[in-house]
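[1] Can you look at this prediction? I've put the sequence above it.
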Amino acid sequence: MNKEELVSSIKRLSDANGISGFEDEVLTTIREEGSSLGTFSEDSMRNLYLQRSGNKEGLPVVQLNAHTDEVGFMVKAIRDDGMIEFITIGGWVAANIPAHMVRILNKDGIYIPAVVASKPPHFMTEAERNAPLDITKMVLDVGAHTKEEVLNDYKIGIAAPVIPEVSCLYDAIHDNVIGKAFDCRIGCAAALATMKDLADTDLKVNLVGDFSSQEEVGTRGSIVSTQTIKADLAIVFEGCPADDTVVPAYQAQTCLKKGPMLRHIDARMITNPRFQRFALDLAEALDIPVQEAVRNGGATNGAAIHLSNAGIPTIVIGIPVRYAHTHYGISSVFDVEKSIQLAKAIIQKLDEQIIKSF
């Protein structure tokens, strides 16, 4: 997959709207991007499966996972003055939310622009100015004056999904992308690119793309998808929070332009050390830059996958994302390309005996 196609795929997937539980638009985009790669199917969780063309009966199954949902918001209540109260979907820090644009999906399937608003400083007391801003002090403002106007003219109802209003941009000079939902649409793009590049390759494993739902609210989709696929091995692509701007240089383990991050541990998974070592040794042999990380917080779909069935050896290939879980993420296309290169190399090396050794 050339760079132009990869960037186009990242942009399309980033721009697609899909908070947890409302990933339909993302799935449509993935189906279009992967239309030539095999057979798609879905389950009632809106997990999307892609059985690779060329899979053969009796071979070990490799699950190539990325999640389709993004963090966002949901309408909770509509005030008499037309202001809309909301809740967060997924992990947000309150200070990152206000003074941004969002889109609210109305009952006709139309996205209505809105501003995340709070009390202007002109009307705040000194205590209010110095107090931390809480989600309950924010509203969504579509420009309405009454509750009836929101319901009848804007056709916005309770539980309407709310998505950050962002269009993905590519800085070709510096090879960076800026956009929303890189956690984990950038992983979806990497999974699709991996399958595209392996389309005509004879493998000793069967490859199943697993584009799972609702990761941001507890890895829910992958709990179901892993029981459906019943894989022998799993590779999880994830848009991982970059740390190169927030910790001392000696602690940084997820930096832009230094390749994918392979985490040894996080809050919910100890990575299979044998599979992890296999991936790290292969990266070194092929001169693919990688970063190793030890995390005492966070989690990925690997948490659910590695505990399923009899236990599935799983690694996470993390693509660094600065400012994940905000309106704007920044990632390097170089890191995406190296993540794809590593995944392809691993899959091409795998066979039944190697998988059993893990």
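    Ah, there it is.
[2] where do the helices sit along the stretch 1-150 of the chain?
    Using DSSP state H, counting those that start in this stretch, the helices assigned to the stretch 1-150 of the chain run over residues 3-15, 24-33, 126-130, 147-148.
[3] Let's have these in TSV, adding mean pLDDT.
    Formatted as TSV, the helices of the stretch 1-150 of the chain follow (pLDDT from 0 to 100):
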stretch	mean pLDDT
helix 3-15	98
helix 24-33	98
helix 126-130	85
helix 147-148	98
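[4] can you put those in TSV and add mean neighbour count?
    C-beta here means a position set from N, CA and C on the backbone, and glycine is covered the same way. As requested, the helices of the stretch 1-150 of the chain are exported to TSV (neighbours: other Cβ atoms under 10 Å):
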stretch	mean neighbour count
helix 3-15	19
helix 24-33	18
helix 126-130	9
helix 147-148	14
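[5] okay if I get these as a markdown table plus distance to G298?
    Compiled in a markdown table, these are given as follows (distance: least, Cβ to Cβ, whole Å):
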| stretch | distance to G298 |
| --- | --- |
| helix 3-15 | 21 |
| helix 24-33 | 22 |
| helix 126-130 | 31 |
| helix 147-148 | 39 |
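[6] Which one of those helices lies nearest to T226?
    helix 24-33 (18.3 Å; Cβ to Cβ).
[7] now the angle between helix 3-15 and the closest one, please.
    Orientation note: helix 24-33 sits at an angle of 160 degrees relative to helix 3-15 (axes from the mean of the first three to the mean of the last three Cα atoms, to 10 degrees).
[8] all numbers from here: first residue = 15
    Happy to do that; since the first residue is 15 now, the last one works out to helix 38-47.
[9] what separates helix 38-47 from the chain centre, distance-wise?
    Centroid separation between helix 38-47 and its chain, computed with Cα atoms, centre = their mean, to the nearest Å, is 14 Å.
[10] could you say what helices and strands it packs with?
    For helix 38-47, the packing partners by 3 or more Cβ pairs under 8 Å, 6 or more residues apart in numbering; DSSP states H and E come out as helix 17-29, strand 62-66, helix 196-211, strand 220-226.
[11] Please repeat the previous calculation with a cut-off of 10 Å.
    Helix 38-47 sits against helix 17-29, strand 52-56, strand 62-66, helix 196-211, strand 220-226, with contacts defined as 3 or more Cβ pairs under 10 Å, 6 or more residues apart in numbering; DSSP states H and E.
[12] Domains of the protein: list them as residue ranges, please.
    Domains of the chain are assigned by automatic domain parsing as 17-84+194-371, 86-178.
[13] coming back round to it: between the helices and strands packed on helix 38-47, which gets nearest to V85?
    Closest among those, once you apply Cβ to Cβ, is helix 196-211, at 7.5 Å.
[14] which parts of the closest one are buried?
    By neighbour count on 16 or more other Cβ atoms under 10 Å, the buried set for helix 196-211 is 196-210.
[15] likewise stretch 143-161?
    Within stretch 143-161, the residues that qualify as buried are 149, 152-154, 156, 158, 161, counting by 16+ other Cβ under 10 Å.
[16] which of the buried residues of helix 196-211 sit farthest apart?
    Farthest apart among those by Cβ to Cβ are D197 and K210. That separation is 22.0 Å.
[17] what's the spacing between Y125 and L119?
    Distance, Y125 to L119, by Cβ to Cβ, to the nearest Å: 6 Å.
[18] let me fix that: A207
    Going from A207 to L119 by Cβ to Cβ gives 29 Å.
[19] do L221 as well
    Distance of L221 to L119, computed by Cβ to Cβ: 34 Å.
[20] Same drill for these two, tell me which one is more crowded.
    For the pair L221 and L119, the greater number of neighbours falls to L221 (28 against 21), based on other Cβ atoms under 10 Å.
[21] can you count the residues close to the closest residue to I279 other than its chain neighbours?
    Leaving aside its sequence neighbours, I279 sits nearest to V308 (Cβ to Cβ, 6 or more residues apart in numbering; 5.7 Å). Neighbourhood size, V308 [other Cβ under 10 Å]: 9.
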